[in-house]
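K.L.:
quick one: sequence plus predicted model below, questions after.
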Amino acid sequence: MNIVANIKRSLSIIAFAAASFAAPAHAELFQDFTVNQNGTSFTADKMVLGYQEILTVDSASTFKTSAFAAVPVFWGNEASLPVGTDFNVYAIFTANGQVIDNGGTFVGTSGSIQLYLDRGIRSTLTLPAVGGAAINVTNGETDLLLASTENFSFGSGSLRPGSITQANGDFSLTFNDLLLTTAGAAYFTSPAPFYQQLTIDGNFSSTQPINLNGTSSVISGAANVFFVPEPTAVALFGIALLGLGLSRRRRA
């Protein structure tokens, strides 16, 4: 088995194991989206990915992190059933933020995320030496950017290292202004225009206590990815429904 296959196999195990015992950091609205995978379309409402992350904390209690996630499993029917697997998509994420509670809580202040399609299924992803640095991608020359955003809206996480009865920690991230490329619109085919907000809820399946002295820590786990309307769009939709209800009430 080659290096890429080993990475994908291990990430698949991480994703299913972590997702099986740990709930998302907060409740989600399961919004449907359509994926065109190799000419076959199916409807899903979330993705579950295995990820690896390197986290670096400095003496000023700030952190930088770099992560990649791969081997998505698409879920549907209110996130209750797997509806498709795809080894071609991966995500790259970086963020900065503050560390509080002596390393027990992390609050993000900025970040970015990119989704890629590996057309050759041969790209190898490896972590850099320190958090905040670029993810190393080998054989990724033909990979296609599907979507990206640098509009980091919210992010927080907590650690419970050494726990044997629950996840070693969890996190929640929200990005706005997600922009699909032409290739992304051909992959995520509906709704059109596509959702502009991306939420990631995840768990740390394994981690050690974080040292606040510049030491870098490698963390692995599973992430649930949801695409949802922007809050403004949700509010406008609610106003429209309210107006429709009032109109019908007047007619009655």
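P.N.:
Yep, it's here. Numbering: from 1, shown residues only.
K.L.:
roughly how far does the closest residue in space to Val83 that isn't next to it in sequence sit from Asp118?
P.N.:
Of all residues not flanking Val83 in the chain, Gly76 sits nearest, at 4.0 Å (C-beta to C-beta, 6 or more residues apart in numbering). C-beta: built from backbone N, CA, C; applies to glycine. Distance of Gly76 to Asp118, given as C-beta to C-beta, to the nearest Å: 23 Å.
K.L.:
go on, Thr126?
P.N.:
From Thr126 to Asp118 the distance is 14 Å (C-beta to C-beta).
K.L.:
next one: Gly221
P.N.:
Gly221 sits 21 Å away from Asp118, going by C-beta to C-beta.
K.L.:
what pairs with the helix or strand harbouring Gly111, and is each one parallel or antiparallel?
P.N.:
Using DSSP states H and E, Gly111 sits within strand 105-117. Next to strand 105-117 in the sheet, as set by DSSP bridges, lie strand 89-100 (antiparallel), strand 144-149 (antiparallel), strand 151-159 (antiparallel).
K.L.:
which one of these lies closest to Phe106?
P.N.:
Nearest to Phe106, of all the strands paired with strand 105-117, is strand 151-159, at 4.5 Å by C-beta to C-beta.
K.L.:
name the residues that touch the closest one?
P.N.:
If you take C-beta atoms under 8 Å, 6 or more residues apart in numbering as the criterion, strand 151-159 is touched by 95, 97, 103-112, 168-177, 197, 204, 207, 209-210.
K.L.:
what of stretch 72-90?
P.N.:
8, 12, 15-16, 28, 30, 32, 35, 37, 42-49, 68-71, 115-119, 121, 123, 125, 146, 187, 224-225.
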